[in-house]
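# Have a look; sequence and predicted model below, questions after that.
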Amino acid sequence: MIQRIQTVYLLLVALCAGLMIFLPIYDIETESLTTHIATTDYVPLVALLGVLMLDCLIVIFLFKKRTFQMTLILGMNVLVAVILGLMIFYWKKLKDDHPNAEVEFEITALFGLVIYALLFLARKAIKKDEELVKSLDRLR
């Protein structure tokens, strides 16, 4: 069913991924200037975040196939790990490109961890629904 709690979790995942695309991820602080660098400067990150958002919408509308939903959510966890790895790679690259500047993550970078937690909760809720349906099938 579409009005379940896992739908809310997956919509929040899509929202966090969308915010990660448009909000700044890195700060480069020099003595006289602070520069904010958004994800839109890195095409692979934008593409992977877009795929993550699309996957969330697909999972929401596959509500009749709960086991497939759980499999897709595991795949989305791998995708989030790749996104976080790319973010760290680009951070190290920025540090190497600007040796005299301090390169830091913005608060937006924590959305990756929030996405992990929301995906965990969504998978747990889907698994609970699947167990409920199986128990009701036994009663028939």
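Done, it's in. All figures in this text were calculated on a predicted structure; none of them were measured in a lab.

# could you say what helices and strands the lowest-mean-pLDDT helix or strand in the chain packs with?
Within the chain, judged by mean pLDDT, DSSP states H and E, the helix or strand with the poorest mean is strand 34-38; its value is a mean of 78. Applying 3 or more C-beta pairs under 8 Å, 6 or more residues apart in numbering; DSSP states H and E, one finds that strand 34-38 makes contact with strand 24-29. Just so you know, the C-beta spots here come from the backbone N, C-alpha and C atoms, and that holds for glycine as well.

# List the buried residues for the strand it packs on?
Going by neighbour count (16 or more other C-beta atoms under 10 Å), the buried part of strand 24-29 is Pro24, Ile25, Tyr26, Asp27, Ile28.

# Contacts for that strand, please.
Residues lying outside strand 24-29 but in contact with it, judged by C-beta atoms under 8 Å, 6 or more residues apart in numbering, are 34-39, 87, 90-91, 94, 98, 101-106, 108-109.

# What of stretch 83-94?
Contact partners of stretch 83-94, identified using C-beta under 8 Å, 6+ apart, comprise 25-26, 28, 37, 42, 44-45, 48-49, 52, 103, 105, 109, 112.

# Just the buried residues from these, in ChimeraX please.
For the buried members of the contacts of stretch 83-94, the matching ChimeraX selection, counting by 16+ other C-beta under 10 Å, is:
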select :25,26,28,37,42,45,48,49,52,103,109,112
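
# can you tell me how far Leu33 sits from Asp27?
Separation of Leu33 from Asp27 (C-beta to C-beta, to the nearest Å) stands at 11 Å.

# Where does the prediction get shaky in this protein?
1-2, 139-140 (pLDDT under 70).

# you'd agree Leu49 is up against Ile21?
Yes. Leu49 is in contact with Ile21 according to C-beta atoms under 8 Å; the separation is 5.1 Å.

# which residues are common contacts for the two?
Common neighbours of Leu49 and Ile21 (C-beta under 8 Å, 6+ apart) are Thr39.

# how about stretch 76-90: buried residues?
Of the residues in stretch 76-90, those buried by neighbour count under the rule 16+ other C-beta under 10 Å are Met76, Leu79, Val80, Ile83, Leu86, Met87, Tyr90.
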